[in-house]
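>>> sequence and predicted structure are below.
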Amino acid sequence: MSKKKRRTISVGFVALGCPKNTVDSERMLAHIVEAGMLISEDPDRADAVVINTCGFIAPAKAESIDVIRHALDCKRRGKIRRVLVAGCLSQRMGDALLQEVPGIDAVIGLEHRDRIAQIILQSLKQDRPEVFLEPQLTQKAHAVSQDNARLLIGPAHRAYLRISEGCDHKCSFCTIPAIRGPFRSKPEDQVIQEARELVRAGVKELNVVAQDTTSYERDLKVKDGLASLLGRLNSIENLPWIRLMYLYPTGVSDHLIDTLARSERILKYLDIPIQHANDHILKAMRRPDKQSHLRSLIERLRQAMPEMVLRTTVIVGFPGETDEAFQDLLSFIEWARFDALGCFPYFQEPGTEAASLPDQIEESVKQQRVEQLMLAQQTMAFAKNEQRVGHTVTCLVDAIEPDGTGVARYYGQAPEIDSVCLIADCKARPGDFLEVRITGTQDYDLLCDSL
């Protein structure tokens, strides 16, 4: 009598949050597949669904909770057997997440993400919920993983390369150090090995990410560690594009600027979140910058690399932000003329120093300031786009729409967060580089013709 064939376990997966969280999702997916499980094309129908959450700020938490509740509704209707919640929200809330959203089968903290396959199997064998969580992330308890295995999410020609874990900065508004622990650099040889593995798999654009990329190897008492790493990345064959994200302004040294200016493959694009430009607010945020330093940095970057594209992020409505302080920020933004900018209202996050500060700003005032600043930024961004009309640029094609329009990006456009180039009647394939002429604009996007 033959043995009954064991049915393959199907797993749905929902990845939320920032690029750093995307890397976590890709690692978990690799572990799931390596364990012989099948990734379901429909996360609403599976033996188990894993939701890798974000819990950085209130809107991210709300989005994560909505996705969890949707999965639990599918579970009640018999479409899903188990709902497992991982990621930053799990790490931040722990047991409290089971109480806020009853019905979750497992809450998985960051320390246990590489055990995801075993936890899925364990959850399917029992009916009681479990919490897998370290009480506190420490340098010793949460070392950098030596595992490079990843199953990429999104186009196969681009990937994120995370070079560190955690954060040592003490920004008064931020929950990240409490969630992800102290800053730990990934060993340089491991980063290079992972980069080479990604290139061999067909990746043509590596987007270097961390909570603060400029802090790379400072925890190891190494000076200019990022510049050293970039030099080695720049020498990897068949890697045309290297993009830097999340640079802390005070960490951008003259040596790093010189490295960027001389490097052939490191794109002249930097994402440098400044958060504010008024000295009083910067001090209250516990940011070490002053407006004079930010001005000097931008001038040095543009002098060294006139073609440099700069993106930043700012927070408005921080406690104590007077009308004068906001106008100071707005004037700075109009002076700096960033190519791209994200503006967010301040969120009063429990457990942060800023949450207990006096002079909290009304929500209506925050929204008004967001709109005013983004309108000013829109005017500058649209004007810059108009100046690009008639220029020729090299694009990396991300996708081809059903009508034949190519969705691509030139070096000044990062994936997922920036505008795109729309190429009429595109004959190239995703992953191809293509020379195009910019013929017009469509809001933030550029309209292009192939050459």
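Thanks, I have it. Numbers count the residues shown, from 1 in each chain.
>>> tally up the residues packed near residue 414, please.
22 (other C-beta atoms under 10 Å). For every residue, glycine as well, the C-beta is placed using N, CA and C.
>>> what about it, helix or strand, and which?
Assigned by DSSP states H and E, residue 414 falls within no helix or strand.
>>> what's across from the residue nearest to it when sequence neighbours are not counted in the sheet?
Spatial nearest neighbour of residue 414, excluding adjacent residues (C-beta to C-beta, 6 or more residues apart in numbering): residue 243 at 6.1 Å. Beta-bridge partners for residue 243, by DSSP bridges, are residue 207.
>>> next one: residue 132
Under the criterion used (DSSP bridges), residue 132 bridges to residue 108.
>>> report pLDDT for it.
pLDDT for residue 132: 94.
>>> how about the one 10 residues further on?
At residue 142 the predicted local distance difference test score is 48.
>>> where does pLDDT dip in the stretch 51-200 of the chain?
Residues of the stretch 51-200 of the chain that meet the criterion pLDDT under 70 lie in 135-147.
>>> angles on the backbone of residue 44, please.
phi -80, psi 0 (degrees, to the nearest 10).
>>> count the neighbours of it for me.
Residue crowding around residue 44 was assessed by other C-beta under 10 Å; the count is 16.
>>> how far away is it from residue 77?
9 Å (C-beta to C-beta, to the nearest Å).
>>> again with residue 279
Counting by C-beta to C-beta - residue 279 and residue 77 are separated by 56 Å.
>>> so what's residue 448 closest to, chain neighbours aside?
Residue 448's closest residue in space is residue 436 (C-beta to C-beta, 6+ apart), at 3.9 Å.
>>> how is the chain partitioned into domains?
Listed by automatic domain parsing, the domain ranges of the chain are 10-132, 158-387, 392-450.
>>> quick one, what contacts residue 199?
With contact set as C-beta atoms under 8 Å, 6 or more residues apart in numbering, residue 199 has these partners: 206, 236-239.
>>> then residue 446?
Neighbour list for residue 446: 385, 388, 410, 419-422, 438, 440 [criterion: C-beta under 8 Å, 6+ apart].
>>> and those residues, which of them are buried?
385, 388, 410, 419-422, 438 (16 or more other C-beta atoms under 10 Å).
>>> return the subset of the residues you listed lying in strands.
Of the buried ones among the contacts of residue 446, the ones assigned to strands by DSSP state E are 421-422, 438.
>>> looking at the residues you listed, which is nearest residue 23?
Nearest to residue 23 among those: residue 421, at 26.0 Å, using C-beta to C-beta.
>>> confirm for me that that closest one is in contact with residue 450.
No: using C-beta atoms under 8 Å, residue 421 is not in contact with residue 450; the gap is 10.7 Å.
>>> shared neighbours, those two?
Residues touching both residue 421 and residue 450 (C-beta under 8 Å, 6+ apart) are 406, 436.
>>> now the longest helix seen in the chain: buried residues?
Criterion DSSP state H: the longest helix present in the chain is helix 363-388. For helix 363-388, burial by neighbour count (16+ other C-beta under 10 Å) applies to 366, 369-370, 373-374, 376-377, 380-381, 384-385, 388.
>>> quick check, residue 447 in a strand?
Yes: under DSSP: H, G, I helix; E, B strand; the rest coil, residue 447 sits within a strand.
>>> what sits against it?
Taking C-beta under 8 Å, 6+ apart, we find residue 447 in contact with 421-422, 424, 438-441.
>>> and those residues as a markdown table, adding distance to residue 117 and pLDDT?
Listed next are these as a markdown table, based on distance: C-beta to C-beta, whole Å; pLDDT from 0 to 100:
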| residue | distance to residue 117 | pLDDT |
| --- | --- | --- |
| 421 | 40 | 98 |
| 422 | 41 | 98 |
| 424 | 45 | 94 |
| 438 | 47 | 98 |
| 439 | 50 | 97 |
| 440 | 50 | 97 |
| 441 | 47 | 97 |
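>>> thought residue 404 was touching residue 422?
No: shown here, residue 404 and residue 422 do not form a contact pair, counting by C-beta under 8 Å, at 11.0 Å.
>>> between residue 279 and residue 77, who's got more neighbours?
More crowded of residue 279 and residue 77, by other C-beta under 10 Å: residue 279, with 16 against 9.
>>> from residue 8, how far out is that one?
60 Å.
>>> what's the answer for residue 433, then?
Taken as C-beta to C-beta, the span from residue 433 to residue 8 is 39 Å.
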